[in-house]
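>>> Below are the sequence and a predicted model for it; my questions follow.
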Amino acid sequence: YYVERIDNFTIKLWTNKEGGDNRSLVELDGVISSGVGHQLSKRVPSDGSITVSGAFEVYADTIGSVQTGTLAAAKTATAEEGDDQAKETPAGSKWGLAISGSVSWNDIVETTRAEVVHVSITGNSSVADSSNKVSVVSKNDTDNAVIAGAFAVSLNKSGSKLGLAGAGSISYVTIATNALLSNITFQDVGDVLVDSRTTGTTRSVAAGLGVATNGVGVAGSVAINAIDSTTTAKVRGGSIEASGLEVFALDVSRIIAVAGAISYGGKAGVGVGVAYNEIVGGATAALSGTLVDVGFGKVSVTAKNESVITSVAAAVSASVSSQKEGDEQSPAQSSTAVALAGGFSINVITSDTIATLENSGTTQSPMKASSVNVSATDEKSQISGIAGGIAVGISTPKNKESKGSSTGVAAGVSFVWNEIDQVQDAMLSNVVLDVDDSLSVASEANAEVFGLAIAGALAVGVSSRNPTYAVAGVGSGVINKVRGGSR
């Protein structure tokens, strides 16, 4: 016969290599199959066999904690007369640049697997014995913390003054947790458990402070966090005679992120905070192509998922300008203060929670159990996104005789984008059952989204007799999207 591969677990047999009407499909159902030179029978593993008296367990566990922190700081100031540093300062030097930056980056890739493949396990009694429990368990619990801070302060009184600080915390986590039974034969054993669980939290903080008391203060912070998690528990092929069977997969992923920026400048203050967070993953529990007989026991195939993002991105900027007569930078004694602040929070969750029972049992050997339950539940997909931008610009010439104008400008902007795309599938397909009590196939989705965007601006221009200008602008927006469904 000619074999056609349909997928990883399915083939077709043909009598001829040629396609079209010149070939016929060979029936693979052991009850009605007919043909010359082939016979369908229960597979007897030859790879290995184990006789158990008591519990049999295959266990894989990953427990980790990764913590990274960086801090950068810079300060400049005008050297006072008599200071040792003043003697080394070239005459006329008026620069006051304070610049600092820090980045913390974690890139984590982990795989945890517990597998039993091509093995025959037999209990030491002629009937299923609860003491002969078989467990295949895979677990991953990894916590991740990323912190970055940058501070820049310029206290120079003359010349070019700038306080520039930038901080970035970046985290990428890729996790695969798998528990598998494949092509096995279990006889006269107790409860069989195939259990795969992933739990973990990423904490991220990025903070920037930029100050220039007589110039421009600029601060920025960026927090980027991504979790890509795959959690599977599968039973594939073979046969199981036991007192019960449970296939369970759980994926719990959490991100807590804070991005903050504070800036102050005698002329201008600019601050921006950005947080981007993404969780991609879910849980899959599957029982496929396996002959199962648990008598009066239970068969359960369950997948559960929980994804939570809490994100705060905020920036506060202030500028207070005060020019007095004789200030060399402003011959006309004009005063200008500019403050700009923006906070942006973007959060995305994409999850697939799937529980399937398929291609199991035949009319001669149906799946026997007191109850069968197939369940896919997204217990919590939750996003809380907060963004804020607050700006204050105040221009106040101190000298009443100032000839110039006074101008205050302030603008605050904030934006939040929250998106959840979730799919829950509980599926029973191509299965022959002999159930004494109950059959349940259920899927459920739970999603919560909270978005808050705050923007504020205050502009003040003060002058006793000269033109005064004050301009303030704010803008904020929140977009929440929830898509997907259960079946």
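Yep, it's here.

>>> From here on, just use CA atoms for contacts and neighbour counts.
Fine.

>>> How about the secondary structure of residue 58?
Using DSSP: H, G, I helix; E, B strand; the rest coil, the structure places residue 58 in strand.

>>> is it true that it touches residue 114?
Yes: using Cα atoms under 8 Å, residue 58 is in contact with residue 114, at 6.2 Å.

>>> What residues does the spatially most central residue of the chain make contact with?
Centroid check for the chain by Cα atoms, centre = their mean gives residue 279 as the closest residue, at 2.7 Å. When contacts are counted by Cα atoms under 8 Å, 6 or more residues apart in numbering, residue 279 touches 226-229, 253, 307, 348-351.

>>> Check residue 225 too.
170-172, 202, 204, 255, 257, 276-278.

>>> Give the pairing partners of the longest strand seen in the chain; include direction for each.
Identified as the longest strand of the chain according to DSSP state E is strand 161-212. As defined by DSSP bridges, the strand partners of strand 161-212 come to strand 96-117 (parallel), strand 120-123 (parallel), strand 134-154 (parallel), strand 216-265 (parallel).

>>> where does this structure have its least confident helix or strand?
helix 84-88 (a mean of 53; mean pLDDT, DSSP states H and E).

>>> pLDDT below threshold where in the protein?
Across the chain, the ranges flagged by pLDDT under 70 are 1, 18-47, 78-95, 125-130, 158-160, 323-333, 397-404, 464-465.

>>> Repeat the analysis, applying 50 as the threshold.
34, 45, 91-92, 325-331 (pLDDT under 50).

>>> Check the offset of stretch 346-358 from the chain's centre.
13 Å (Cα atoms, centre = their mean, to the nearest Å).

>>> Next: stretch 177-189.
Worked out by Cα atoms, centre = their mean, stretch 177-189 lies 31 Å from the chain centre.

>>> Check which residues of it are buried.
For stretch 177-189, the neighbour count (16 or more other Cα atoms under 10 Å) marks 177-189 as buried.

>>> What is the most widely separated pair among those?
Greatest spacing in the buried residues of stretch 177-189, by Cα to Cα: 177 and 188 (28.7 Å).

>>> Count the neighbours of the spatially closest residue to residue 431 that is not a sequence neighbour for me.
Nearest in space to residue 431, with sequence neighbours left out and distances taken as Cα to Cα, 6 or more residues apart in numbering, is residue 360 at 4.9 Å. By the measure other Cα atoms under 10 Å, the count of residues near residue 360 is 24.

>>> Next: residue 271.
Residue 271: 34 neighbours (other Cα under 10 Å).

>>> The one 4 residues further on now?
The local packing count at residue 275 equals 31, with neighbours defined by other Cα under 10 Å.

>>> Find the nearest non-adjacent residue to residue 362, please.
Using Cα to Cα, 6+ apart and skipping residues adjacent in sequence, the residue nearest residue 362 is residue 432, 5.5 Å away.

>>> ok, the one you found to residue 234 distance?
Per Cα to Cα, to the nearest Å, residue 432 is found 19 Å from residue 234.

>>> Who has more neighbours out of those two?
Neighbour tally, residue 432 and residue 234, criterion other Cα under 10 Å: the higher count belongs to residue 234, 25 against 18.

>>> Make sure that one is actually in contact with residue 183.
No: taking contacts as Cα under 8 Å, residue 234 lies outside contact range of residue 183: 11.3 Å.

>>> beta partners for residue 59?
Residue 59 forms beta bridges with residue 137, as assigned by DSSP bridges.

>>> looking at it, it is touching residue 136, isn't it?
Yes: with contact defined as Cα under 8 Å, residue 59 counts as touching residue 136 (6.0 Å).

>>> Can you pick out the residue with more neighbours from those two?
Per other Cα under 10 Å, whichever of residue 59 and residue 136 has more neighbours is residue 136, with 24 against 16.

>>> Report the contact partners of that one.
Residue 136 makes contacts with 57-59, 114-116, 179-181, 193-195, as judged by Cα under 8 Å, 6+ apart.

>>> repeat that for 10 Å
56-60, 113-116, 178-181, 192-196, 233, 247 (Cα atoms under 10 Å, 6 or more residues apart in numbering).
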